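J.: Turn this into a model:
(chains A and B)
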Amino acid sequence: MSELRAAGRAYLAVARRDLLVFRSYRARFFSQAASTLFSLTLFYYVSRLVHVRGFSSPDAYYAFVVVGLSLLGVIYSCFAIPTLVRQELVAGTFERLILSPFGAVRGVIAMTLFPLLYAAVLAALSLALACAVFGLQLHWETVALSIPLMGLALLSFLPFGLLFAALTILIKQESVGTTWVVAVLSLIGGLYFPLSLLPHWLQVAGRLQPFTPATAVLRHVLVNSPLTEPLGLSLLKLSACAALLLPVSILTLAAAVRAGQRRATIIEY
Amino acid sequence: MTLLAPTAVARAPEADEPRGAISAAPGPPALALLRVSKRWRSGLAPVLDDVSLTLERGTRTWIGGRNGVGKTTLLRVAAGLIEPERGWVGARGITPRENRARYQRLVSLLAAGDRGLYARLSVRAHLDLCVRLAMMPRARLRPGVERAIDTFQLSQLAERRVDRLSMGQRQRLRVAMTFLPEPHVVLLDEPLTSLDTEGAALLAEASREVQVRGGAVLWCSPDGDRLPEGFDARWLLERGRLEAA
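T.: Next comes the predicted model:
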């Protein structure tokens, strides 16, 4: 039990470290908030300009896209984990994690805490700004459900970041396709427009990953968008993804660290 | 040099076990490397060639040798950072392969150079992170940090960010982080880099304390010019093998 508590304190310590580093760059939050506001403004006027099939009004499309934009930041954070690992490798701080009782695998998982929580906060800020500035109507009866749903979504997204982190440890490059993956996911994950507008084969691809059901259920509880599949099925997909891929990604990460130690490439960057 | 039977087993300390006083009871040595070999690429000469080394409890050992001879590799293998191709490494009978977390509780490495710090974090934040990654019990977290600040005379620098420290001050912080978890075995790779006389004296005193409380220190540097007094053994690493200095 004392071991678990000590591990819990170590997780929090890594998250606190990231918070302290983040706070040391004072303009960063305001810069990101301004960028969020810019995106919200851009899509507000896009929603006024074009008529999107399947949406009853510009406001309906705007509500749709605002939730997509909010979730995009969370997806970016997941795929930024390899960048964080690469920074640690270059700075020599990754060695400290390996040589601590806490260990590299738990260290990498701990590194995801602050960025993911921060992305969730930025997502909430994005919704708040959309409400305050552009009159977005939230479905207040079910808004609270977005918190556990976001937690489930994060657990289903996290394995992808951890798998790319494992790859970074092995080949020492941070952006091995992550930019492309995020771009493709924003296309087939239904972030900007409904999947029904895409060719059939892309729709199939879109339904095979957790970002589409996560976006759909969050839209449903936040802005009352109609569901494209039964709610239970979407939740099952997210839960299955987290339950299956999370252990696989953690084991892969451990194997990558071990391979680096065996080949002595863990000290390279 | 003595060889250690690789089957020797000892009990490693629990997470919440006080480590201020290390057991001096007879048992496996503080650290042992048995017939360790490592080569960087097949076809190249091994950087470590069948090296055996035992650090008994309550001793300090120095290893010297030219640049690139393999001192850092030896320390990395001993620390559990990289694995040897052949051979056995254990601290108090525990190997990093059998129980990584316990091994890392026993052994602490000060890597050469000035890496391993966060530029935007303060000295205190580093020590605070270090003590938590070491998974020390809650009651010993704050006292541990305060003791490290006191021992290494960092109180004037405690709230200062690392990117505003001199190289010598950074090295003093790195040394403090190495000794902070109260390890049984301390591995030091060119620890005097950038340290002034005062910093070197603090390091010498800290390493002597590890020796006094039954731990072991392995100190590597190209030559033994500024080596403190009281070392029990001196070796030279040459062509992958250890020879008496």
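
J.: Count the neighbours of B:Ser166 for me.
T.: B:Ser166 has 11 neighbours, counted by other CB atoms under 10 Å in any protein chain shown. To be clear about C-beta, it is placed using only N, CA and C from the backbone, and glycine gets the same treatment.

J.: And it, how close does it get to A:Leu145?
T.: 54 Å (CB to CB, to the nearest Å).

J.: same question, A:Ile81
T.: A:Ile81 sits 27 Å away from A:Leu145, going by CB to CB.

J.: Could you count how many residues lie near A:Ile109?
T.: So A:Ile109, with other CB under 10 Å, has 21 neighbours.

J.: Does it touch A:Leu162 like I think?
T.: Yes - assessed by CB atoms under 8 Å, A:Ile109 is found in contact with A:Leu162 at 7.2 Å.

J.: and the strand or helix carrying A:Ile169, what other elements does it pack with?
T.: Using DSSP states H and E, A:Ile169 falls within helix A:146-171. If you count contacts as 3 or more CB pairs under 8 Å, 6 or more residues apart in numbering or on different chains; DSSP states H and E, helix A:146-171 packs onto helix A:58-79, helix A:81-91, helix A:104-134, helix A:178-188, helix A:211-223, helix A:231-263.

J.: show me what contacts the closest residue to chain B within the stretch 51-200 of chain A?
T.: The nearest approach of the stretch 51-200 of chain A to chain B comes at A:Gly92, 2.8 Å away (CB to the nearest CB). A:Gly92 is in contact with B:Ala111, B:Gly113, B:Arg115, B:Gly116, B:Leu117, counting by CB atoms under 8 Å, 6 or more residues apart in numbering or on different chains.

J.: swap in B:Ala204?
T.: B:Pro228.

J.: What of A:Ser24?
T.: B:Arg120, B:Leu121, B:Arg161.

J.: repeat that with 10 Å
T.: B:Tyr118, B:Ala119, B:Arg120, B:Leu121, B:Ser122, B:Arg161, B:Asp163 (CB atoms under 10 Å, 6 or more residues apart in numbering or on different chains).

J.: Can you report phi and psi for the fourth one?
T.: So the one you mean is B:Leu121. phi -100, psi 150 (degrees, to the nearest 10).

J.: Can you tell me how far it is from B:Asp163?
T.: 9 Å.

J.: now do the first one
T.: Between B:Tyr118 and B:Asp163 the distance, using CB to CB, works out to 9 Å.

J.: Chain neighbours aside, what residue packs nearest to residue 79?
T.: Chain wasn't specified; assuming chain A. A:Thr178 (4.4 Å; CB to CB, 6 or more residues apart in numbering or on different chains).

J.: Chain B was what I was after
T.: Nearest to B:Ala79 is B:Leu109, by CB to CB, 6+ apart, at 3.9 Å.

J.: which element is the one you found on?
T.: Using DSSP H and E, B:Leu109 falls in strand B:107-110.

J.: what does B:Leu129 give?
T.: helix B:123-133.

J.: quick one: low-confidence ranges for chain B?
T.: Along chain B, the parts satisfying pLDDT under 70 run over B:1-26.

J.: do that again at 50, thanks
T.: B:1-21 (pLDDT under 50).

J.: most centrally placed residue in it?
T.: B:Leu187 (2.1 Å; CA atoms, centre = their mean).

J.: who are the neighbours in contact with that residue?
T.: A:99, B:31, B:55, B:74-76, B:78-79, B:81, B:107-111, B:178, B:216-220.

J.: ok, and for stretch A:114-122, which residues are buried?
T.: Using 16 or more other CB atoms under 10 Å in any protein chain shown as the test for burial, stretch A:114-122 gives A:Phe114, A:Pro115, A:Leu116, A:Tyr118, A:Ala119, A:Ala120, A:Leu122.

J.: okay, those in JSON lines with distance to A:Gln203 and pLDDT next?
T.: Listed next are the buried residues of stretch A:114-122 as JSON lines, based on distance: CB to CB, whole Å; pLDDT from 0 to 100:
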{"residue": "A:Phe114", "distance to A:Gln203": "35", "pLDDT": "96"}
{"residue": "A:Pro115", "distance to A:Gln203": "30", "pLDDT": "95"}
{"residue": "A:Leu116", "distance to A:Gln203": "28", "pLDDT": "94"}
{"residue": "A:Tyr118", "distance to A:Gln203": "32", "pLDDT": "95"}
{"residue": "A:Ala119", "distance to A:Gln203": "27", "pLDDT": "94"}
{"residue": "A:Ala120", "distance to A:Gln203": "28", "pLDDT": "93"}
{"residue": "A:Leu122", "distance to A:Gln203": "29", "pLDDT": "94"}
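
J.: Spell out which helix or strand contains B:Ser37, please.
T.: Assigned by DSSP H and E, B:Ser37 falls in strand B:31-38.

J.: Show me which residues of that strand are buried.
T.: Result for strand B:31-38 [16+ other CB under 10 Å]: buried residues B:Leu31, B:Ala32, B:Leu33, B:Leu34, B:Val36, B:Ser37, B:Lys38.

J.: and that strand, which strands flank it?
T.: strand B:48-55 (antiparallel), strand B:86-90 (antiparallel) (DSSP bridges).

J.: how about the residues of the stretch 101-250 of chain A that lie near chain B?
T.: Contact residues (CB under 10 Å from any CB of the partner chain) of the stretch 101-250 of chain A with chain B: A:Pro101, A:Phe102, A:Gly103, A:Ala104, A:Val105, A:Arg106, A:Gly107, A:Ala110.

J.: can you pull the pLDDT of the nearest residue to B:Arg115 once chain neighbours are set aside?
T.: Nearest residue to B:Arg115, sequence neighbours excluded (CB to CB, 6+ apart): A:Gly92, at 2.8 Å. Per-residue pLDDT puts A:Gly92 at 95.
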